[in-house]
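**Q** coordinates for the following, if possible.
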Amino acid sequence: MIAWAVVTAGASGGFLYYGSTLGEPGRIYIAAGFLGLVGTVAMASLGLLMIATRHRTTPGASMDQLAKSVDRLVEHGSLSDEARRVLYRRHDRDLLRQAIQEDIAAEDWDAAMVLVKELAERFGYRSDAEEFRARIEQARFDTVQRKVNEAISHLDALITGRRWDQAAVEAARIGRLYPDSPRVEGLRHRVEQARMLYKTDLERRFLRSAEEDRIEDAMEMLKELDAYLTEDEAGPYREVARGVIGKARDNLGVQFKLAVQDRKWDRAASLGEQIIDQFPNSRMAEEVRGMLDSIRGRLRQMPAAR
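**A** The predicted model follows:
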């Protein structure tokens with residue numbers, strides 16, 4: 001009951017203060033405030049009588065305590081905004097500190113810095129503000145470093161997979177996102193350098209395969225080289241490439257003829273399709289096209305013959 005009295009007294013004090021600021025239109029608020037105070041006194045008196053009876057104290061002493069409490073509430077209710085701010089500054093400081101910590105946890109650095117400025121300039125807690133600034137800068141640095149590391153790891157995976165176009169796009173994106181990080185400098189050059197090193201190694205392996213007459217390996221590398229070499233760069237390799245292509249075509253032709261002679265129709269059909277696919281404009285491909293329908297027909301008849 002006493003608690004309700006204190007709450008009612010505070011509200012009544014607020015009505016009185018607000019009504020006094022409105023002049024003539026504030027009579028309703030003033031009347032409500034007085035009625036509230038009267039009710040408060042009655043309610044508190046009854047409560048104090050019960051407490052006095054329980055604890056065998058005099059009602060007069062309890063009434064004095066109530067009067068002092070009501071006076072304090074009315075006094076607080078009539079304080080200016082500035083005075084109230086001073087009175088509750090410790091509570092506001094705690095709320096502000098909690099809000100800053102929440103912004104740090106959410107990685108909202110700019111919002112946290114705004115609150116830090118408020119903490120220093122409005123409330124005067126400059127030491128706390130400097131501590132928070134240091135925490136924010138360190139947290140920002142650590143977070144950026146972690147994200148840069150993750151982005152560069154992804155870029156390295158693209159480079160390892162020889163996905164050069166995607167790697168170039170990713171390097172540019174990282175540079176835009178983290179322009180202040182020294183680790184993002186030269187990422188585009190890193191991609192281009194890795195591409196050039198792989199191209200050089202591919203050229204060397206192609207020439208070695210051709211020299212060692214490993215025609216199938218050389219053909220695979222030749223197909224891959226086609227994506228790296230410009231028209232001018234391909235010039236020195238044309239003669240070697242013609243030799244490799246000729247040998248590959250001849251090898252396939254020999255294997256195709258042997259398969260037909262041995263009546264291995266499934267292998268003959270597979271080799272014939274390979275010849276047409278790899279050497280579509282050659283005389284050999286033209287000859288194979290003329291034989292392929294017959295070979296497929298024989299292949300379809302094989303299960304029935306069995």
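**Q** by mean pLDDT, point me to the weakest helix or strand of this protein.
**A** helix 2-22 (a mean of 44; mean pLDDT, DSSP states H and E).
**Q** what sits against the nearest residue to residue 180 once chain neighbours are set aside?
**A** Leaving aside its sequence neighbours, residue 180 sits nearest to residue 144 (CB to CB, 6 or more residues apart in numbering; 8.0 Å). In short, each C-beta sits where N, CA and C put it, glycine included. Residues near residue 144 by CB atoms under 8 Å, 6 or more residues apart in numbering: 178, 180, 181.
**Q** write the ChimeraX selection for whichever of the residues you listed are buried.
**A** Restricted to buried positions by 16 or more other CB atoms under 10 Å, the ChimeraX selection for the contacts of residue 144 reads:
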select :178,181
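**Q** which members of the contacts of residue 144 are positioned in strands?
**A** Using DSSP state E, no member of the contacts of residue 144 sits in strands.
**Q** which one of the contacts of residue 144 is nearest residue 92?
**A** Lowest distance from residue 92 to the contacts of residue 144 (CB to CB) belongs to residue 180, with 34.1 Å.
**Q** please tell me how far the closest one sits from residue 148.
**A** 10 Å (CB to CB, to the nearest Å).
**Q** low-confidence stretches in this protein?
**A** Within the chain, the ranges that satisfy pLDDT under 70 run 1-89, 303-306.
**Q** domain-wise, how is it divided?
**A** If you go by automatic domain parsing, the domain ranges for the chain are 2-78, 90-185, 192-305.
**Q** list the buried ones in stretch 192-204?
**A** For stretch 192-204, using 16+ other CB under 10 Å, the buried residues are 194, 195, 199, 202, 203.
**Q** in TSV, list those residues along with secondary structure and distance to residue 271.
**A** Output for the buried residues of stretch 192-204, formatted as TSV (DSSP: H, G, I helix; E, B strand; the rest coil; distance: CB to CB, whole Å):
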residue	secondary structure	distance to residue 271
194	helix	38
195	helix	35
199	helix	32
202	helix	27
203	helix	29
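**Q** can you list those in TSV and add distance to residue 138?
**A** Output for the buried residues of stretch 192-204, formatted as TSV (distance: CB to CB, whole Å):
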residue	distance to residue 138
194	33
195	37
199	43
202	46
203	49
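**Q** closest one of the residues you listed to residue 221?
**A** The closest of these, once distances to residue 221 are taken by CB to CB, is residue 202, at 6.0 Å.
**Q** show me where the stretch 51-200 of the chain has helices.
**A** Using DSSP state H, counting those that start in this stretch, the helices of the stretch 51-200 of the chain run over 59-77, 81-87, 89-105, 109-121, 126-160, 164-177, 187-211.
**Q** any chance of those in TSV, plus distance to residue 291?
**A** Conversion of the helices of the stretch 51-200 of the chain to TSV gives the following (distance: least, CB to CB, whole Å):
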stretch	distance to residue 291
helix 59-77	106
helix 81-87	98
helix 89-105	74
helix 109-121	73
helix 126-160	44
helix 164-177	41
helix 187-211	30
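**Q** relative to residue 268, which of these is closest?
**A** That would be helix 187-211 among those, by CB to CB, at 27.0 Å.
**Q** quick one: the closest one to helix 164-177, angle?
**A** Put simply, helix 187-211 runs at 160 degrees to helix 164-177, going by axes from the mean of the first three to the mean of the last three CA atoms, to 10 degrees.
**Q** after helix 187-211 comes which helix or strand?
**A** helix 215-225 (DSSP states H and E).
**Q** Provide the contact partners of that following helix at residue level.
**A** Residues from elsewhere that reach helix 215-225 (CB under 8 Å, 6+ apart): 199, 202-203, 205-206, 209-210, 234, 237, 241, 244-245, 247-248, 251, 278.
**Q** one more pass at 7 Å, please.
**A** 202, 203, 205, 206, 209, 210, 241, 244, 247, 248, 251 (CB atoms under 7 Å, 6 or more residues apart in numbering).
**Q** any of the residues you listed buried? List them.
**A** 202, 203, 205, 206, 209, 210, 241, 244, 247, 248.
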